[in-house]
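Visitor: can't give you the sequence, but here's the structure:
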Ligand code: SAM
């Protein structure tokens with residue numbers, strides 16, 4: 001396979017395809033790492049294209065595996081590509097690409113969940129947060145078990161402008177199980193709207209750009225896959241601490257079909273439940289009959305501010321709800337008196 005550069009300067013020698021290499025190394029997908037490979041370059045080209053113009057920029061690809069998306073990224077002539085892969089068996093696949101790109105590719109063997117990116121990119125690419133997005137991109141087709149906790153972690157990093165986001169509003173192009181992709185972008189009054197929609201849309205502009213059928217993967221998963229692009233917002237709608245927003249959002253969406261006054265009750269200990277949940281909705285000017293999926297981002301903002309106000313009135317309440325991260329622990333604490 002000849003990879004042609006978009007501009008003169010990057011022309012790779014003929015290389016064996018990822019499929020040839022998988023056969024050559026007799027490498028089987030590992031079930032425990034949920035490995036499903038994309039070996040069709042028309043699909044991987046589309047994923048790389050969805051990231052926009054990456055020419056001359058820095059790209060971090062998470063979970064490159066045998067390197068099909070990596071090749072599609074390289075075709076778009078980025079300045080540097082950093083790949084992070086957990087499975088050491090793919091090292092020879094990636095080494096071939098490193099040599100063929102005159103070391104434009106940098107390989108990191110490790111876990112993306114522990115990856116610290118605050119010093120990983122070139123200094124000259126750094127931008128002010130309010131400025132346009134830097135030419136730094138995160139791209140990845142990760143296992144579903146990793147992509148959902150990862151996006152939550154990265155949304156928190158975005159809220160704190162740390163990790164990759166110390167360089168400015170770094171964009172992401174990531175795959176998710178189709179249903180999760182739909183939740184990330186879901187509007188109010190849709191059946192997919194949930195906690196993830198609110199958290200994601202508070203900090204990012206998210207687009208579900210395409211769907212890849214499960215049958216396009218080797219081996220095929222049981223579900224289809226959505227490609228989502230995410231661009232951090234200059235200002236979130238709810239400019240409050242991530243954990244506080246997460247706690248209120250989580251509780252306010254806990255019962256999908258019930259009135260939101262019922263959900264609000266789960267934020268408070270039993271003996272104060274009625275009083276405080278009524279006060280919360282009154283302060284936030286939210287109709288108690290609203291269903292969680294009908295709540296707008298602005299209503300969530302008012303609920304977070306109202307909850308913060310109630311916590312300031314009663315500091316024990318804040319400690320109880322915000323610092324007890326484990327669900328069972330929280331339920332146990334809520335059952336006790338404040
Ligand atoms: N990008 C390749 C493709 O599209 O063909 C591989 C996709 S496969 C679904 C996910 C890849 O992510 C695998 O190579 C797997 O080893 C890697 N991976 C899984 N968990 C990871 C983690 N925590 N950190 C880095 N890589 C991980």
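Guide: Nice, thanks for sending it over. None of these values were measured; they are calculated from a predicted model.

Visitor: burial check on the closest residue to the ligand within the chain, number of neighbours?
Guide: Here the residue of the chain nearest the ligand is residue 63; by C-beta to the nearest ligand atom that distance is 2.4 Å. All C-beta spots, glycine's among them, are computed from the backbone N, C-alpha and C. By the other C-beta atoms under 10 Å criterion, the neighbourhood of residue 63 contains 24 residues.

Visitor: my read: it touches residue 145, true?
Guide: No - if you go by C-beta atoms under 8 Å, residue 63 and residue 145 don't touch, sitting 11.5 Å apart.

Visitor: run the chain-centre distance for the helix or strand where residue 174 lies.
Guide: Under the criterion of DSSP states H and E, residue 174 resides in strand 171-177. Chain-centre distance of strand 171-177: 6 Å, with C-alpha atoms, centre = their mean, to the nearest Å.

Visitor: for the following helix or strand past that strand, packing partners?
Guide: The helix or strand immediately downstream of strand 171-177 is helix 178-185, counting by DSSP H and E. Contacts defined by 3 or more C-beta pairs under 8 Å, 6 or more residues apart in numbering; DSSP states H and E place helix 178-185 against helix 144-159, helix 195-203, strand 204-212, strand 225-232.

Visitor: which residues are in contact with the shortest one?
Guide: Right, strand 225-232. Applying C-beta atoms under 8 Å, 6 or more residues apart in numbering, the set of residues contacting strand 225-232 from outside is 46-47, 50-52, 133, 141, 151, 158, 165, 169-178, 180-182, 184-185, 200, 203-214, 217.

Visitor: do the same with the second one
Guide: By C-beta under 8 Å, 6+ apart, the list of residues contacting helix 195-203 from outside reads 148, 151-152, 155, 158-159, 180, 183-187, 206, 230, 232-233, 236-238, 245-246, 249-250, 253, 295, 297, 300.

Visitor: quick one: buried ones out of these?
Guide: Buried subset of the contacts of helix 195-203 (neighbour count, 16 or more other C-beta atoms under 10 Å): 148, 151-152, 155, 158-159, 180, 183-186, 206, 230, 232, 236-238, 245-246, 249-250, 253, 295, 300.
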